[in-house]
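**Student:** Sequence and computational prediction follow.
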Amino acid sequence: MKILAIIITLIVLQSCMTEGPLKQELHTFNPTNLNDGWLIATPEEAGIDLAKLSNIYHDFHNREDLWMVRSLSVFKSGKIVAESYTKNNSDLTTPRAFWSCTKQIIGILAGIAIDKGIIESIDDPISKYLPDLIKKYPDKANITIENLLTMQSGLNFKNYGMGGDDSQILQENPDSFVEYSLAKDFESTPGLEFTYKDSDPTILAAVIQNQVGKPLDEWADEVLFSKIGFQNWEWRRYKDGYTIGSFGIIATPREMAKFTQLALNGGKWGNAQIVNKEYIEKMVSAVVKAGDKHFGYLWWSYPEHGTYFMSGNGRQLFFVFPEEELIVAITSDPKNQGNAQLSTPDGRKIAQAVQSACIKSR
């Protein structure tokens, strides 16, 4: 099935509107027990002011300018504390597109590949891992793994929605997403400039897939997903056989939040160290400046606000506040573009309101 057809189906299913309010009333933000690995805690047990949290949820449902949001979930100290769904309660268990949050998962998988020696060093050039492809595109030989992790490949790939290179990919016009990316000219020297683009995690995903000798989504399930109880998901492959590294994950908010919990735990899940702690710390750190934000190893951060996060188009946001052991997940209609999206700073302010409701221990 063509990716474009899949996306159109998702949009039709998610955006059929009837006359009436754009959001449903808040009835409860008490979490549902799904036996999905998340233990439940009350706000009082988690050390969150119930009255403040209640005001945040009522505001989330009632604000007209937040017409695009779909859910707000709060996790504290490894437990789910609150959740509500503004469009349809089926969002609790219905997988939806999380778009570029897929990039953050590639960031974690790269760490696992390094731990296992599949990738020997982030300083390695991609020619070491994609020799056949580099024979066709020899000028790309010296792009390093770290260049890809920090989106500093220098490739002139444009993420501009309809009309950009990503629109060609969504329509599956090129036969290979990986080769389409490698065929791009350079706009800067690798390692010098950050430019947000889908090409870099796509090439990195191909590096790992070539090394493990199986589709990346299958390997990810073996070494990561099954370890953290990530279930009820799909991950699209491009028609060239490579699992898409820049988007393609379809899941639920509670499932996606497990990746932020893993990062918050320093790469540990239960008694198992899934990814080494030092890599995770680098992954979520401020490696390069990215506008009003910073970028680590395919993860975003606001160091001045004490948070790092996952982000996907339409505005799927998963903020981590390490000091409070807090995760705040906000999802929105994944089809929205441009000004129709919740802005990242506005999403951060909602998350910070939850942070401010945490009762500081004295």
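**Tutor:** Here it is on my side, so go on. Numbering: from 1, shown residues only.

**Student:** Please report how far residue 109 lies from residue 94.
**Tutor:** Taking C-beta to C-beta, to the nearest Å as the measure, residue 109 and residue 94 are separated by 25 Å. The C-beta positions use only the backbone N, C-alpha and C, and glycine is treated the same way.

**Student:** Compare the two and say which is more crowded by neighbours.
**Tutor:** Neighbour tally, residue 109 and residue 94, criterion other C-beta atoms under 10 Å: the higher count belongs to residue 109, 27 against 15.

**Student:** quick check, distance from the helix or strand where residue 204 lies to the centre of its chain.
**Tutor:** For residue 204, the element it lies in under DSSP states H and E is helix 199-212. Taking C-alpha atoms, centre = their mean, to the nearest Å, one finds the center of helix 199-212 at 17 Å from the center of the full chain.

**Student:** Please work out which residues outside that helix touch it.
**Tutor:** Outside of helix 199-212, the residues within contact range by C-beta atoms under 8 Å, 6 or more residues apart in numbering are 102-103, 106, 109-110, 113, 118-119, 126, 129-130, 133, 143, 145, 147-149, 151-153, 155, 157, 165, 177-178, 181-182, 184, 215-216, 219, 242-246, 298.

**Student:** So for that helix, mean pLDDT?
**Tutor:** Across helix 199-212, pLDDT averages out at 98.

**Student:** Render the CA-only coordinates of that helix in CSV, please.
**Tutor:** C-alpha atoms of helix 199-212 as CSV (Å, rounded to 0.1, in the frame of the first residue of the first chain):
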residue,chain,number,x,y,z
SER,A,199,17.2,12.6,5.1
ASP,A,200,19.6,12.2,8.1
PRO,A,201,17.6,9.8,10.3
THR,A,202,16.6,7.9,7.1
ILE,A,203,20.2,7.3,6.2
LEU,A,204,21.0,6.4,9.8
ALA,A,205,18.1,3.9,9.9
ALA,A,206,19.5,2.3,6.7
VAL,A,207,23.0,2.1,8.3
ILE,A,208,21.5,0.1,11.2
GLN,A,209,19.3,-2.0,9.0
ASN,A,210,22.2,-3.0,6.8
GLN,A,211,24.3,-4.0,9.8
VAL,A,212,21.6,-6.1,11.5
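
**Student:** Can you name the next helix or strand after that helix?
**Tutor:** Using DSSP H and E, the helix or strand that follows helix 199-212 in sequence is helix 216-220.

**Student:** got the buried residues for that next one?
**Tutor:** Of the residues in helix 216-220, those scored as buried under the neighbour-count criterion (16 or more other C-beta atoms under 10 Å) are 216-217, 219-220.

**Student:** Tell me the one of those nearest residue 138?
**Tutor:** Comparing the buried residues of helix 216-220 against residue 138 with C-beta to C-beta places residue 216 closest, at 24.8 Å.
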